[in-house]
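Visitor: Predicted structure and sequence below. I'll ask about it afterward.
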Amino acid sequence: QVQLVESGGELVQAGGSLRLSCAASGRTFSSYAMGWFRQAPGKEREFVATISSNTIDTDYADSVTGRFTISRDNAKNTVYLQMNSLKPEDTAIYYCAAVRTVIPSAVVTAPYAYHYWGQGTQVTVSS
């Protein structure tokens, strides 16, 4: 089993930057693809970014491409989301998620495919 704890969310002005972290428990973190999702009030949870277990392959939602970067440090059991040029529409609770994958290069964008979720961290972008 994997436990995930997000941190780094806060209030920031539009145009600013934040880095979210997600610390994972367990000895097999390097076998899991990791994802970031977000949910704004009154909206469904949406995909933001994903990274493969081998740390190489990534995928992003169109709305964040070029502004957000996902990365991971398997030695530290941590995945990051660097968010630049933040916009008010980025305001949401951000969740990290994990799913064990057989193929090291696999990226996973569907939320229903993930087995483990963190509790979320609030990001608020003021205009």
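Guide: Thanks, I have the structure now.
Visitor: From now on I want contacts and neighbour counts done on CA atoms only, so please keep to that.
Guide: Noted.
Visitor: which residues in the protein form strands?
Guide: Counting by DSSP state E, one finds strands in the chain at the ranges 4-7, 11-13, 18-24, 32-39, 46-51, 58-60, 68-73, 78-83, 92-100, 116-117, 121-126.
Visitor: who's in contact with Met76?
Guide: In this structure residue 76 is Lys, not Met. Contact analysis of Lys76 by Cα atoms under 8 Å, 6 or more residues apart in numbering lists Ala23.
Visitor: Got phi/psi on it?
Guide: As for Lys76, its main-chain torsions (degrees, to the nearest 10) stand at phi -100, psi 0.
Visitor: ok, it to Ser127 distance?
Guide: 35 Å (Cα to Cα, to the nearest Å).
Visitor: Could you do Val99 as well?
Guide: From Val99 to Ser127 the distance is 35 Å (Cα to Cα).
Visitor: Tell me which of these two has more neighbours.
Guide: Neighbours were tallied for Val99 and for Ser127 using other Cα atoms under 10 Å; the higher tally belongs to Val99 (22 against 11).
Visitor: Tell me which residues touch that one, please.
Guide: Neighbour list for Val99: 32-34, 113-116 [criterion: Cα under 8 Å, 6+ apart].
Visitor: how about those residues, which pair is most distant?
Guide: Farthest-apart pair in the contacts of Val99 is Tyr32 and Ala113; separation 12.0 Å (Cα to Cα).
Visitor: Those two: who's more crowded?
Guide: Taking other Cα under 10 Å, Tyr32 and Ala113 do not tie; Tyr32 has more neighbours (24 against 12).
Visitor: Counting neighbours, what do you get for the nearest residue to that one once chain neighbours are set aside?
Guide: Nearest residue to Tyr32, sequence neighbours excluded (Cα to Cα, 6 or more residues apart in numbering): Arg100, at 4.1 Å. As a burial measure, Arg100 scores 21 neighbours (other Cα under 10 Å).
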